[in-house]
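J.: The amino acid sequence is not available; the structure is as follows:
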Ligand SMILES: [Zn+2]
């Protein structure tokens, strides 16, 4: 199969698995961890700019917590069995929502604080029986980009719309094209909480959020507590999965008895908007590997710049160039003549966005001759100019390797 992320993941040394750790429990090698970290930094910064506050909460919770949230009744097939600790029973969390609901509830809340946007890149777990060894798409340990917006009913549509815009912008910066926007509705069967009025209300609001957005309604794909907007991607074999999601939820605030004090001095129940920009880091990176064939956008490439001294004489200048790149926040390395002839080193660096060739002429002039991954060869330019330009392009999440985004 073309660009299977499992094959490329091994070839490019991004991640791997070990039977001793277990199926569905991949670990990240330095190159893959660099991609993942770039993605985490991107998401946290996008959230910070959009007015989210970050929290951090434990990956375990008491069984009782999930009985209250409804996971125990509606989702336990996907949960790991509880662990007994003395008189308590704790479980690996199947979602971050209950912890965030408790963070909202940790003190009295006023309408002046709403919308309160709480975000976390946190661990969650799924007892995937069919965890395919060697892949990132069916895993048992998941790092989720999650957030919950606690708001008034009047604010819910605007907040969900803003979340959808954040998702669209991220897809552009990541070079991802979703296959469809989907309104996921409940289907037959008892896995959904029963409250027709709440379902209808949430469905109506999500319909408003999606007005003007091309989408399809699909039954049987809702969360157990409510309908959701899912942004679907497809793998090279055409198998669809959900990357990003936005949900408007009346159920969890009810279950956890969430309240805020309104302008009228009375107590009101907030609405909870759940949203994920890139879903789990595992699935997002799997998709990025397949979409880009390992040639990631420069801002998330494991190595962004490689310095190629033509002979041993230029190694000191090449090392200085690498140091300046590293100082400017870039991931750069040196590939000297000991790694082979220049042609072979250029081929080895074919997935690196920027190769800087340094011969006697460049070394003497304090310059580098850049070769871009897309085949462009630039005239020699001063080292400072090259470093500044590359750092500027990666900071702006430019998809083009030389032209800054408008
Ligand atoms: Zn949630």
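T.: Good, I have the coordinates. These numbers come from a predicted model, not from an experiment. Numbering: from 1, shown residues only.
J.: Just the element for the closest residue to the ion within the stretch 201-350 of the chain, please.
T.: The stretch 201-350 of the chain approaches the ion most closely through residue 274 (3.4 Å), counting by CB to the ion. For the C-beta atoms, the positions are set from N, CA and C on the backbone; glycine is no exception. Assignment of secondary structure by DSSP states H and E places residue 274 within strand 271-276.
J.: Does the next helix or strand after that strand pack against any helices or strands, and if so which?
T.: The C-terminal neighbour of strand 271-276 among helices and strands, as given by DSSP H and E, is helix 281-292. Counting by 3 or more CB pairs under 8 Å, 6 or more residues apart in numbering; DSSP states H and E, the packing neighbours recorded for helix 281-292 are helix 5-11, helix 30-49, strand 141-151, strand 240-249.
J.: tell me the angle of the strand holding residue 274 relative to helix 30-49?
T.: If you take axes from the mean of the first three to the mean of the last three CA atoms, to 10 degrees, strand 271-276 sits at 150 degrees to helix 30-49.
J.: Neighbouring strands of strand 271-276 in the sheet, and parallel or not?
T.: Neighbouring strands of strand 271-276 in its sheet, by DSSP bridges, are strand 141-151 (antiparallel), strand 240-249 (antiparallel).
J.: Give me the contacts around that strand.
T.: 97, 101, 115, 144-153, 155-156, 159-160, 163, 166-167, 223, 228, 244-250, 252-253, 258 (CB atoms under 8 Å, 6 or more residues apart in numbering).
J.: Buried members of these into ChimeraX, please.
T.: The buried residues among these can be selected in ChimeraX (16 or more other CB atoms under 10 Å) with this line:
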select :97,101,115,144,145,146,147,148,149,150,151,152,155,156,159,160,163,166,167,223,228,244,245,246,247,248,249,250,252,253,258
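J.: now, which of the contacts of strand 271-276 lie close to the ion?
T.: residue 97 (CB under 5 Å from the ion).
J.: What segments of the stretch 251-400 of the chain are helices?
T.: 251-255, 281-292, 315-327, 342-348, 360-365, 383-395 (DSSP state H, counting those that start in this stretch).
J.: Low-confidence ranges, the chain, go.
T.: For the chain, the stretches flagged by pLDDT under 70 are 1-2, 130-134, 190, 406.
J.: go with 50
T.: Nowhere does the chain drop to pLDDT under 50.
J.: Helix, strand or coil: sort out the nearest residue to residue 73 once chain neighbours are set aside for me.
T.: Using CB to CB, 6 or more residues apart in numbering and skipping the chain neighbours, the partner closest in space to residue 73 is residue 67 (7.5 Å). Judged by DSSP: H, G, I helix; E, B strand; the rest coil, the three-state class of residue 67 is helix.
J.: Chain neighbours aside, what residue packs nearest to the most centrally placed residue in the chain?
T.: In the chain, the residue lying closest to the centroid (CA atoms, centre = their mean) is residue 278, at 3.8 Å. Sequence neighbours aside, residue 284 is the residue nearest to residue 278 in space, at 4.3 Å (criterion: CB to CB, 6+ apart).
J.: right, and the one you found touches residue 244 too?
T.: No. With contact defined as CB atoms under 8 Å, residue 284 does not reach residue 244; the gap is 9.2 Å.
J.: tell me, what's touching the two both at once?
T.: With CB under 8 Å, 6+ apart as the test, residue 284 and residue 244 both reach residue 278.
J.: Next, the contact list for the closest residue to the ion within the stretch 51-200 of the chain, please.
T.: The stretch 51-200 of the chain approaches the ion most closely through residue 97 (3.3 Å), counting by CB to the ion. Applying CB under 8 Å, 6+ apart, we find residue 97 in contact with 69, 146, 148, 249, 252, 272, 274.
J.: quick one: contacts for the fourth one?
T.: Taking CB under 8 Å, 6+ apart, we find residue 249 in contact with 97, 202, 223, 225-226, 271-274.
J.: quick one: buried residues of stretch 230-248?
T.: 230-233, 235, 241-248.
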